[in-house]
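Peer 1: please find the sequence and the predicted model below.
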Amino acid sequence: MSKRNYSIDACRFIAAIIVVLIHVSANVPEASRDKSLVYQFVQPFFEVSVPFFFSVSGFLLVKRKRAYIQRYCLNVLSLFLAASLFYVVADVVFLVIQHGQTGEALLALFAEWLNGKGWMSLFNGTWGQFHLWYLFALVCGTVLWTKLKETKMTDELTLVISLLIYVISSLIRQESEWLAAFLRYGGFIKALAYLSIGAYVRQKSWPSFQKGRLPYIALSVLAIYVSLVNRPLFFFADEILLQIFIFSLLQWLNAHPGQPTYWAHLGEASDGIYVLHIVWIRLLDALLANWQLSHQMVSGYIIGMALICLLASYACYPTFQRYILNPLASLFI
């Protein structure tokens, strides 16, 4: 087995922080967000986190045998199903809390919640909670990526086909409301594209390039990408730059596996942070329902909420996994 890449672990923790910031910031009124220096600084990086997670999975799985990949998919699928079921129960609890706060009829609240789910949520991975689409897409994307690998086509062709499928699906989604709902947030097609990028980096490393100009190229691409967020010069420009950045970053991380530092250790908690942080956001929202948030408070609110969600998720996930997720996951294995 190859040496563990601790640099990737550290970056996974950073990506988990970005995910928390995305969802904390989403609760802030748009007018207030626009006046927040914290939001303006981190917002351009929001789209980096989930594609990076997908790419890391491809990077780590590409040299594994079929049996290992099958077990990996089963584990992720059981986590997705268990977490989704947990959030369904949590939603009911929050509906009861809302009923107590607002006095709205509980049956009416439940009917509205149930109506918001819809059949499509079963096919795009959001039936439990919106952020769990990532786990569902990861399983489906990994299965499709494995099938492409088994055709014995070259690594280059696998990468090109995956990216081409993603580009075509993105174009069609603009014209099809059904496909846009089915591939919400990009879905398994997005997972396939970035899994292929990560796998290609692991298979085709460029040592001389990695240790020379690559960090400067990666930073330059990231700077251009950030400048284009919300202001694309042409369709898909920011997405292409994001793919180039992640490709360059993984090349550099592949050449510099790092050491088992504290930050690398925190990377192991990234899955727990991703799965659990939404419940803390929902709980804090319920507790602060009557609090008026001015635009002067937005930066402090974002930082404070993110820290609470990170610390609570990190501290509680082992217990949560042992007593809630694992028993629920056993229902599906």
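Peer 2: Yes, it's here. Numbering: from 1, shown residues only.

Peer 1: which stretch of helix or strand covers the residue positioned nearest the centre of the chain?
Peer 2: Centre of the chain computed as the mean C-alpha position; nearest residue by CA atoms, centre = their mean is residue 50, 3.3 Å away. Residue 50 is part of helix 49-61 when elements are defined by DSSP states H and E.

Peer 1: buried ones in that helix?
Peer 2: Applying a neighbour-count criterion of 16 or more other CB atoms under 10 Å, the buried positions in helix 49-61 are 49-61. Where you see a C-beta, it was placed from the backbone N, CA and C, and this is true even at glycine.

Peer 1: which other residues reach it?
Peer 2: Among residues not part of helix 49-61, those counted as contacts by CB atoms under 8 Å, 6 or more residues apart in numbering are 8, 11-12, 15-16, 18-19, 22, 68-69, 72, 134, 137-138, 141-142, 145, 185, 190-191, 193-202, 242-243, 246, 249-250, 254, 270, 274.

Peer 1: list the buried residues of stretch 12-31.
Peer 2: Taking 16+ other CB under 10 Å as the neighbour-count basis, stretch 12-31 is seen to contain the buried residues 12-25, 27-28.

Peer 1: I should have written stretch 94-105 there, sorry.
Peer 2: Within stretch 94-105, the residues that qualify as buried by neighbour count (16+ other CB under 10 Å) are 94, 95, 97, 98, 99.

Peer 1: got a list of what the first one touches?
Peer 2: Contacts for residue 94 were tallied using CB under 8 Å, 6+ apart; they are 282, 286.

Peer 1: ok, it to residue 77 distance?
Peer 2: Spatial separation of residue 94 from residue 77 under the definition CB to CB, to the nearest Å is 26 Å.

Peer 1: and if you look at the third one?
Peer 2: When distance is defined by CB to CB, residue 97 is 30 Å away from residue 77.

Peer 1: can you tell me which of the buried residues of helix 49-61 is nearest residue 109?
Peer 2: Comparing the buried residues of helix 49-61 against residue 109 with CB to CB picks out residue 50 as the nearest, at 30.5 Å.

Peer 1: mind checking the backbone torsions on the residue of the chain most remote from its centre?
Peer 2: Among residues of the chain, the one most distant from the C-alpha centroid is residue 103; the distance is 35.3 Å, by CA atoms, centre = their mean. Recorded main-chain torsions at residue 103 are phi 80, psi 10, according to degrees, to the nearest 10.

Peer 1: how much space separates it from residue 109?
Peer 2: Between residue 103 and residue 109 the distance, using CB to CB, works out to 11 Å.

Peer 1: what of residue 91?
Peer 2: Using CB to CB, residue 91 is found at 10 Å from residue 109.

Peer 1: and the angle for the helix or strand harbouring residue 274 with helix 49-61?
Peer 2: Per DSSP H and E: residue 274 is located in helix 270-287. Using axes from the mean of the first three to the mean of the last three CA atoms, to 10 degrees, the direction of helix 270-287 lies 160 degrees away from that of helix 49-61.

Peer 1: quick check, residue 101 in contact with residue 287.
Peer 2: No. Here residue 101 does not reach residue 287: they are 10.1 Å apart, not a contact under CB atoms under 8 Å.
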